[in-house]
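Trainee: Show me the folded form of this:
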Amino acid sequence: MKRLLFVMSMLASTFIYAQVGIGTTTPDNTAALDINSTTTGLLIPRMTQAQRIAIVTPAMGLLVYETDTAPGFWYYDGTIWTSMSSDTDWTIAGADMYNANTGNIGIGVTTPTRKLHIENGIANNSVLYAENTDTSTSYSYGIHGVTNATDQKGAAGVFGESKQSGDHEIGVKGDYSLWGAAVAGIAWATAEANMPTLTDMGVYGGVDYFSGVGVYGLNLNTSATAYGMYCDGNHAITGTKSASVPTTKGNQLLYSMESPEIWFEDIGYGKLVNGITHIALDNMFMETVTIDSKHPMHVFLQEQGDSNGLFVTPDADGKGFTVKEKQGGSSNIAFSFRIMAKRRFYQDHRFGVDSMQAFGDNLKDAEYHEPRSTNPQEVKALIEKGRAEKEAKHKHDKQKRKK
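Mentor: Okay, here's the model as predicted:
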């Protein structure tokens with residue numbers, strides 16, 4: 001009889017207050033069941049996967065704990081059973097989290113084609129932004145790309161592509177804050193410390209290897225409008241300026257003549273008629289040079305026949321010159337001439353300090369440079385020896401890093 005009265009009392013309490021408290025006499029008014037304990041927990045029904053699946057017409061929100069095949073909490077969403085711990089692709093290990101997914105991950109795309117595929121139409125902004133906030137003097141990177149491909153031409157740590165076929169497209173764009181290079185190539189045996197200090201550079205390329213190239217430009221098209229490298233501005237070189245020309249002994253280097261002033265020259269032929277002739281300078285050549293009393297032309301003659309000798313009288317307007325035979329001669333010989341005139345707009349240049357080099361006596365540190373070999377087999381052997389040494393060093397360094 002007492003038990004019946006207790007049950008009736010509990011039911012009456014439930015209907016009156018609409019809340020049930022276990023471990024508390026004041027259940028929260030937003031909870032139908034308020035369990036309060038500091039020593040025990042709530043035990044959800046436990047069953048095997050087969051038992052869970054065998055539940056007939058489970059109610060939406062039904063919660064159980066599976067004990068065998070996929071241990072963990074499962075709930076029925078009204079259509080299927082769903083694991084509350086089904087996202088096994090991301091795993092937390094201490095303070096780290098890693099991805100165990102064997103496929104691709106998409107952000108902004110439902111069919112990712114890369115391990116991480118991001119798409120978003122953000123105008124004037126970046127789809128992916130990475131910033132390293134380390135302000136120390138040690139090396140830091142916003143993005144570090146690495147490739148481990150061996151002998152695969154085209155493999156790269158970072159690949160940039162612009163593919164809309166528009167004007168001013170850029171595959172990879174670089175920028176910097178104060179002094180440095182927008183894009184830098186740090187090649188064999190060089191480091192960032194080899195870059196010029198307090199200098200602004202659009203592109204920097206450095207290498208320390210006897211057959212290395214700091215910057216290489218290639219254009220396979222040989223038409224008049226094609227350039228392997230184009231410089232819009234002044235061009236300074238501390239070493240030699242050469243033309244590489246084909247010969248039976250391989251391509252040989254022909255060196256440019258240097259001058260403290262800027263000269264343009266033209267070469268031509270003429271012929272005396274009764275000891276005299278006039279040479280008019282080419283109109284296009286005239287547009288490129290300055291010829292006046294302060295900047296006179298220089299003409300050098302080479303006789304191609306017997307005469308009393310030749311001399312030159314420049315025109316007053318600087319547009320040509322007259323050639324006469326000395327001593328009133330009347331020969332009809334041919335001759336060649338070479339004319340030099342100052343480059344227009346640069347006619348007053350003479351020497352100039354190279355601001356990229358140290359200011360002071362740089363002659364004391366200059367060294368003699370041995371002539372280049374003209375024997376292609378000798379150079380080939382030197383290159384092959386250097387490559388073998390380089391590969392051996394690379395292999396040694398790689399093994400050392402593994403240890």
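Trainee: Buried residues in the longest helix seen in the chain, which are they?
Mentor: If you go by DSSP state H, the chain has its longest helix at helix 376-402. Neighbour-count burial for helix 376-402 flags Lys390 (criterion: 16 or more other CB atoms under 10 Å). Where C-beta positions appear, they are placed from N, C-alpha and C, glycine not excepted.
Trainee: Quick one: mean pLDDT for it?
Mentor: The average pLDDT within helix 376-402 is 87.
Trainee: Likewise for stretch 346-360?
Mentor: 93.
Trainee: Could you do stretch 200-220 as well?
Mentor: 94.
Trainee: can you list the domain ranges for this protein.
Mentor: 2-83, 94-118, 175-235, 263-343 (automatic domain parsing).
Trainee: Output those domains as JSON lines; include the columns mean neighbour count and distance to Gln164.
Mentor: Below are the domains of the chain laid out as JSON lines (neighbours: other CB atoms under 10 Å; distance: least, CB to CB, whole Å):
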{"stretch": "domain 2-83", "mean neighbour count": "12", "distance to Gln164": "42"}
{"stretch": "domain 94-118", "mean neighbour count": "10", "distance to Gln164": "18"}
{"stretch": "domain 175-235", "mean neighbour count": "11", "distance to Gln164": "21"}
{"stretch": "domain 263-343", "mean neighbour count": "15", "distance to Gln164": "40"}
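Trainee: Any chance of these in a markdown table with distance to Gly386 as columns?
Mentor: Formatted as a markdown table, these follow (distance: least, CB to CB, whole Å):
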| stretch | distance to Gly386 |
| --- | --- |
| domain 2-83 | 60 |
| domain 94-118 | 38 |
| domain 175-235 | 6 |
| domain 263-343 | 39 |
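Trainee: Relative to Asn148, which of those is closest?
Mentor: domain 94-118 (14.8 Å; CB to CB).
Trainee: pLDDT averaged over that closest one - what is it?
Mentor: The model assigns domain 94-118 a mean pLDDT of 87.
Trainee: Can you give the distance from it to the centre of its chain?
Mentor: Domain 94-118 has its C-alpha centroid displaced from the chain centroid by 26 Å (CA atoms, centre = their mean, to the nearest Å).
Trainee: all strands for the stretch 251-400 of the chain, in order.
Mentor: Taking DSSP state E, counting those that start in this stretch, the strands of the stretch 251-400 of the chain run over residues 252-255, 263-271, 276-280, 289-290, 298-303, 310-314, 320-325, 334-343.
Trainee: Counting by contacts, list what the longest one packs against.
Mentor: So that's strand 334-343. Applying 3 or more CB pairs under 8 Å, 6 or more residues apart in numbering; DSSP states H and E, we find strand 334-343 packed against strand 263-271, strand 289-290, strand 298-303, strand 320-325.
Trainee: Apply 7 Å and report the result again.
Mentor: If you count contacts as 3 or more CB pairs under 7 Å, 6 or more residues apart in numbering; DSSP states H and E, strand 334-343 packs onto strand 263-271, strand 289-290, strand 298-303.
Trainee: Output these in TSV, with mean pLDDT and distance to Ser330 appended to each entry.
Mentor: Compiled in TSV, the helices and strands packed on strand 334-343 are given as follows (pLDDT from 0 to 100; distance: least, CB to CB, whole Å):
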stretch	mean pLDDT	distance to Ser330
strand 263-271	97	13
strand 289-290	98	33
strand 298-303	98	15
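Trainee: Tabulate those strands in CSV, adding columns for distance to Lys153.
Mentor: Shown next, in CSV, are those (distance: least, CB to CB, whole Å):
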stretch, distance to Lys153
strand 263-271, 42
strand 289-290, 46
strand 298-303, 51
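Trainee: follow-up on the earlier one: want to throw the strands of the stretch 251-400 of the chain into a markdown table with distance to Lys173?
Mentor: Shown next, in a markdown table, are the strands of the stretch 251-400 of the chain (distance: least, CB to CB, whole Å):
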| stretch | distance to Lys173 |
| --- | --- |
| strand 252-255 | 35 |
| strand 263-271 | 37 |
| strand 276-280 | 51 |
| strand 289-290 | 40 |
| strand 298-303 | 48 |
| strand 310-314 | 53 |
| strand 320-325 | 51 |
| strand 334-343 | 35 |
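Trainee: about what we covered before: list just the one of the helices and strands packed on strand 334-343 that sits closest to Thr111.
Mentor: Between the helices and strands packed on strand 334-343, strand 263-271 lies closest to Thr111; by CB to CB that is 61.3 Å.
Trainee: Please work out the angle formed by the directions of the closest one and strand 334-343.
Mentor: 160 degrees (axes from the mean of the first three to the mean of the last three CA atoms, to 10 degrees).
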